[in-house]
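*Asks:* Need coordinates for the below:
(chains A and B)
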Amino acid sequence: MQVNRRQFFKICSGGMAGTTLAALGFSPSEALADVRAYKLLRAREVRNTCPYCSVGCGILMYSRSDESGNVKESIFHIEGDPDHPVSRGALCPKGAGLVGFVHSKDRLRYPEVREAGSKEWKRISWEEALERIARHIKEDRDANFVETNANGVTVNRFTTTGMFACTASTNEVGYLTQKFVRSLGMVSVDHVARI
Amino acid sequence: MTNHWVDIKNANLIVVMGGNAAEAHPVGFRWAIDAKINNKAKILVVDPRFTRSAAVADEHVRLRPGTDITFLNGVLNYLISNDKYQQEYVREYTNASFLVRDDFDFNDGLFSGWDESKKQYDKSSWNYQFDEDGYARRDPTLMHPRCVWNLLKKHVSRYTPEMVEQICGTPQADFLKACEMFAETAAPDKTMTSLYALGWTEHTVGAQNIRTMAIIQLILGNIGMPGGGINALRGHSNVQGLTDIGVMATALPGYLGLPNERHVDLQTYLNMSTPKMTGRGQVNYWGNYPKFFISLLKSFYGDKATPENEFGYHWLPKFQQMVDAMRFIEMTENGEINGFLVQGYNVVACMPNKHKSIRALSKLKFLVVIDPVASETANFWQNHDEFNDVKPEEIQTEVFNLPSSLFAEEDGSITNSGRWVQWHWEGAPPPGEGKTDSAIIAEIMMKIRELYEKEGGRLPEQILNMAWDYSKKKHPSSEEIIKEVNGKALADLYDGNGTLILKKGQQVSSFAQLRADGSTACGCWIYAGCWTEAGNQMARRDTADPSGLGNMPGWAWAWPVNRRILYNRASMDRNGKPWDPKRQLLHWDGAKWTGYDVPDFTAAPPGSEVNPFIMQQEGVGRLFALDKMAEGPFSEHYEPMESPIGTNPLHPNVVTSPTVRLFQRDAAELGNTEKFPYVGTTYRLTEHFHTLTKASELNAMTQPEAFAEISETLAAKLAIKSGDMIKVTSARGFVKVKAVVTKRVKQLMVNGQPTEVVGLPIHWGFKGATRKGFLTNVLTPSIGDSNTQTPEFKAFLVNVERVS
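*Replies:* Numbers count the residues shown, from 1 in each chain, chains lettered A, B, ... in the order given. Below you'll find the predicted structure:
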C-alpha cells in the first residue's frame, strides 16, 4: 500500500482516537468526530530548499490555506525533509530558524521612497515607484550611453547605472536579470559571489 | 565542487583548510563525520583558530592568516622529495611531462615578463614549447630539465619545513604530521577531499591558494575519484547558480565571456574565445564555443537574431574594463556612477571598508533596493549614532525600497555547491504588497520599454529586441524561464547520418545537440538537459543509490548532463582499470563508457591517446597554469597587503603580490604594525547567515550581540577580561564589541616575533532583531585578489584597546 505523509498522519490520528476512546466506551464514529485532528492535516505541505548556505538542505513548509479565500495563506512551520539524500531531515541552527525569517518584523510590505535629503521613508504605490525608476534609468542611459569608442568600434554600453544581483535568487531570476541588464547595455554588474 | 556533498563519505582523508565546514555548512559536514565513522577516514583541520571543525578533527594545525600557499607549497615539497605521489597519474594525466619555454623563469619573487613601469606581466613566456604542428612537446620520462615536473620541483624546493615555520608560525613537528597525512593518500586506492570556502578566497592570493591545493590533488591522483576532488563550499544557497548564469561584470551564461572592445565583430570574438587544440588527438571540448554562443544569442534575440546581423552580436555591450563590485564602489565614490539597482545584496554590510561604501552611495542620484527585509543598504542615509554616523540632510540620494519575495514565496531552482539543481515550490504569497523578484525585474523592464516605444531614445533596438516571449510579460513564470535556459530546437535537427534527433520546438536534452547555425536556442549551455521533453529533471526525487557511492543519479539534476563527479574518466588508468576497484564508477561495455555516473569523456576506447581532462586544450590537468592566472603559472607566497611582519622571508624585495589592483584612495587607507600590531580576521558563526538572519528573531536570540575573540596572552597584556567592551581599530575605522578571551586563538611565533590574531565575526548591524552593533566591515581593506577581485577579509591589521 502506498501511503504518503499526509495519509500517514490521517491514519495515525484516526487510529489512535479509535482505539483509546473505543476502550472507554464511546463508539468509534462519535470519537472520530470529537477528537481534534493534527494541525498539519489542514496544512498545505510544500517542498523547498534552505536559502542560507550551499548544502541545499531539503525543507518541508506547512502553510494554512483558508479555502474561503479571504485569508492569505501563511507558513506556520518549516522542518527538514527526511527524504532528502544530503540532509536526511536535518537542519542546522540557521535553517531551524527559517520560519522566523519568513515572518521577520523587518519584512518590507509596500514600496517606499526616501526623497533626497529626507530623514524618512514615504509609502508610495507600485505604479509611482516603477514610473520613477524607469524614468531615472532612461534619463541616465540616454545621457550617457556610448555607441562607439574612440577607435570607432561599436560598443553599445551603458556604464553609469549599475546593478548587483543576489545569490539567494533562483536561476530563473538570475537569467531574467542577465537579460534585463544586457538589454540596457549595462556592464557595471556583479553579484555576491565575490564576497 | 568537482564532487558533491554525499561523496565526502568516500574519502580517506578530509582536509578542512580555508573554511570551517562544521560551523558554516553543518549539515553537509555530517558526511565528513560519516566518512570518519564508516570509512575510518581522518579529518585534518588547518586553521588559525581552533574552530568547530577542529573540535572533531584528528589533527588541528595552526597557521597565520594569509600564509596558506607557504604551507601547501611546503606540502608539495614534502610529497615530491619523499616520492609520495601517484606516479602513473602524474605522468599520464597532468602536464608534468610538458616542456616549458626556455625564457620562462622565476627570480627573486617575480616570474619572467614583469614590466616594472606598467606594473604588469607580459605572459608570453608562460607557455609550452610547441612542435611544427602546433602541439606541445613532452618528455614522458620526466627527465628533461624544462619539463613542468622539474620546474615545479625546483619552485617548491624553497618551501622547507623551516621556511613554513618562519612564515606560517606552524611548528615544524605539526607541519610534518600534516604532511604525513597528505602523503598516505598518494596510494591509488586512497583519496583525500579538500573542503574550502571563503577562508581561501578572501585573500589577495585567494585563487592561488586554491590552485596550490589543486596541484596537490593532481599529483596525489585524487581528481576524478569518488571521495576526492577540490570542493568549494559556496557561501550562499545559489552562488553556484548565479555564477553559472554569469550575472557578473564580464560574464555571460555558461562561462562564456561578455565581448570586450577587441572583439570588433562576431567572427573576431569567436576566434579569440575558442581555444585551439594543443595536444595531438585530444578533445578540446571548448572548441564547441561557437555552438554555445550562437545558441545564447538566439535565446536572447529570438527571430531578430539572423546570420545577416551576426545574430544580434552588436546589441551586446562591449566592456572596456571589468567593473566588479569594488571597482563599482570606487567609481561611485569618484562620481562616475548615477544609478544603482541592488537586488538582495547588503552592500553597506558586505563590501569592505564600510565608510567607503557610505561615501559612495551618498554620491548616487538614485538607488533602488529590491529586498525582502530592511537592510543597512536601503537605510544607509539614516543616522544611528556611532553605528552609522551620517547626516541625512547632506545625502542627496533618492532611495527606493521595493518589497520582494523570499525563498518560501516563489517557485524555481537553485544550484547547491555540488552542482545539484533543485526545484522548489511556493508556500505562501509575500506579505503586504510584496512581489516576486522576477515580477519586479519584468515590471521595471516593461516600463522602460514603454518609454522607449513612446518616446524613442538612444539605441532603442537594444532594449526592444531582447526576447521577452512570456505568456505574462510582467510576471514570467519560473517554468517558462528555465525552459528557455535549457534550450530548444528552432528547426528539425538531424544527426550526421540523417536521423531526426529533435523536431522543431522540442527541448534539447544535452548541449551536444546545440548548433552554431542558428537552428538551436539555449540560454545557458551547461544547463541544457535540466528541462527536457521528459519534463522537469530538477524536480526528480528518486533516492536510489545503485553504486552505494552516494551519487543519487535520480535525485534532482546536476550540471553538466547530470554528471555527479567531474573528470570521472581520471578515476581509471588509460586502459580503463579503476585505480580503486571499490570505487569503480565507469566501465567500457565494448562500444561506449557506461556505469554509475555520466562519463566525462568521449567514446574513445580504452588505451586510446585521448586524455581525461577533455575541457583542456591538451587534455591533462595543469600543474603549470600557463597564462591563466594573474600572478604566475606556479603559486608563490606573497604577504597580505597589511602584513604583520612587513617583509617576505622568501624575497624581501617583493613582499606583497605585485599584480594587486590598488586604487590610490585605498592605498592611503592601509595600516602598518606601528599603529595596528595585530592580525584581524573575519568569520561566520553557525547560528547566523551573514547579515541576513539578524532579521529573524529565532536566530537573533541565539547570537544576539557582536563580539571578538582574543587570546589569553593578548588579554593579559591589555588587561582585558571576557565580557569587557573593547575597541578594535584599523586604518579604516573602529568597532566596539564584547571581548571573548579564549584558548581558541593563540599567539604564534612568526619570523621570530610573537603574533596575535583577533577573530571578528560579522553578523551584526544597525538593523534587525539583534542588539544594534557595528558592521565589522568598517575594519576591512578594499583590496582584492588579482584574478577574482574578492576582498582580503581574512588578513588585515588592527589594534585592540579596552573601553574604560
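
*Asks:* Do I have it right that A:Met163 meets A:Leu184?
*Replies:* No - the pair A:Met163 / A:Leu184 is not scored as a contact, 9.0 Å apart, by C-beta atoms under 8 Å. Just so you know, the C-beta spots here come from the backbone N, C-alpha and C atoms, and that holds for glycine as well.

*Asks:* Quick check, B:Phe380 in contact with B:Phe387.
*Replies:* No - taking C-beta under 8 Å as the definition, B:Phe380 is not a contact partner of B:Phe387, at 11.8 Å.

*Asks:* Compare neighbour counts for those two and give me the winner.
*Replies:* Neighbours were counted for B:Phe380 and for B:Phe387 using other C-beta atoms under 10 Å in any protein chain shown; B:Phe380 has more, 27 against 19.

*Asks:* how about the more buried one, what does it touch?
*Replies:* Counting by C-beta atoms under 8 Å, 6 or more residues apart in numbering or on different chains, B:Phe380 touches B:Val348, B:Ser357, B:Ile358, B:Leu361, B:Ser362, B:Asn388, B:Val390, B:Ile395.

*Asks:* if you set the cut-off to 6 Å instead, what comes out?
*Replies:* Contact analysis of B:Phe380 by C-beta atoms under 6 Å, 6 or more residues apart in numbering or on different chains lists B:Val348, B:Ile358, B:Leu361.

*Asks:* Likewise for B:Ser696?
*Replies:* B:Ser696 sits in contact with A:Gly97, A:Gly100, A:Phe101, A:Ser104, where contact means C-beta under 6 Å, 6+ apart.

*Asks:* Name the member of the residues you listed with the most neighbours.
*Replies:* Neighbour counts for these peak at A:Phe101, which has 27 neighbours (criterion: other C-beta under 10 Å).

*Asks:* Leaving out the residues flanking it, which one is nearest to it?
*Replies:* Once flanking residues are discounted, A:Phe101 sits nearest to B:Ser696: 4.1 Å by C-beta to C-beta, 6 or more residues apart in numbering or on different chains.

*Asks:* Can you check the pLDDT for the one you found?
*Replies:* With respect to pLDDT, B:Ser696 scores 95.

*Asks:* mind checking the backbone torsions on it?
*Replies:* Backbone torsions for B:Ser696, taken as degrees, to the nearest 10, come to phi -100, psi 120.

*Asks:* is it possible to export the contacts of B:Phe380 to CSV including distance to B:Lys717, pLDDT and neighbour count?
*Replies:* Below are the contacts of B:Phe380 laid out as CSV (distance: C-beta to C-beta, whole Å; pLDDT from 0 to 100; neighbours: other C-beta atoms under 10 Å in any protein chain shown):
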residue, distance to B:Lys717, pLDDT, neighbour count
B:Val348, 34, 97, 26
B:Ile358, 33, 98, 22
B:Leu361, 39, 98, 24
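
*Asks:* Of those residues, which fall within the contact range of chain A?
*Replies:* Among the contacts of B:Phe380, no residue sits close to chain A (C-beta under 6 Å from any C-beta of the partner chain).

*Asks:* Next step: the residues you listed restricted to helices.
*Replies:* Judged by DSSP state H, the subset of the contacts of B:Phe380 located in helices is B:Val348, B:Ile358, B:Leu361.

*Asks:* Excluding chain neighbours, what is closest to the second one?
*Replies:* Read it as B:Ile358. Counting by C-beta to C-beta, 6+ apart, the residue nearest B:Ile358 is B:Phe380, at 5.7 Å.

*Asks:* what's the spacing between that neighbour and B:Gln172?
*Replies:* To B:Gln172, B:Phe380 is 49 Å away according to C-beta to C-beta, to the nearest Å.

*Asks:* repeat for A:Arg132
*Replies:* In this view, A:Arg132 and B:Gln172 are 65 Å apart by C-beta to C-beta.

*Asks:* Which of those two has more residues huddled nearby?
*Replies:* More crowded of A:Arg132 and B:Gln172, by other C-beta under 10 Å: A:Arg132, with 18 against 14.

*Asks:* Now for the residue of the stretch 251-400 of chain B found nearest chain A: which residues touch it?
*Replies:* Nearest to chain A in the stretch 251-400 of chain B, going by C-beta to the nearest C-beta, is B:Gly344, at a distance of 3.0 Å. Residues counted as contacts of B:Gly344 (C-beta under 6 Å, 6+ apart) are A:Cys166, B:Asp371.

*Asks:* Would you mind measuring from it to A:Arg132?
*Replies:* Distance, B:Gly344 to A:Arg132, by C-beta to C-beta: 21 Å.

*Asks:* What of B:Asn568?
*Replies:* 53 Å.

*Asks:* How about B:His155?
*Replies:* From B:His155 over to A:Arg132 the distance is 58 Å, taken as C-beta to C-beta.

*Asks:* Show the contacting residues for the residue nearest the centre of chain A.
*Replies:* The residue lying closest to the centre of chain A (C-alpha atoms, centre = their mean) is A:Val102, at 7.9 Å. A:Val102 makes contact with A:Ile75, B:Ala408, according to C-beta under 6 Å, 6+ apart.

*Asks:* And for the one 5 residues further on?
*Replies:* Taking C-beta under 6 Å, 6+ apart as the criterion, A:Arg107 is in contact with B:Val373, B:Pro431.

*Asks:* One more pass at 10 Å, please.
*Replies:* Residues near A:Arg107 by C-beta atoms under 10 Å, 6 or more residues apart in numbering or on different chains: A:101, B:371-374, B:403-404, B:406, B:430-432, B:434, B:695.

*Asks:* Identify, from those, the entry nearest to B:Glu792.
*Replies:* B:Glu792 lies nearest to B:Asp371 out of the contacts of A:Arg107, by C-beta to C-beta, at 26.8 Å.

*Asks:* isn't the closest one right up against B:Thr377?
*Replies:* Yes - in this structure, B:Asp371 is within contact of B:Thr377 by C-beta atoms under 10 Å, at 7.8 Å.

*Asks:* anything in contact with each of those two?
*Replies:* Taking C-beta under 10 Å, 6+ apart as the criterion, B:Asp371 and B:Thr377 both touch B:Val342, B:Gly344, B:Tyr345, B:Asn346, B:Asn401.
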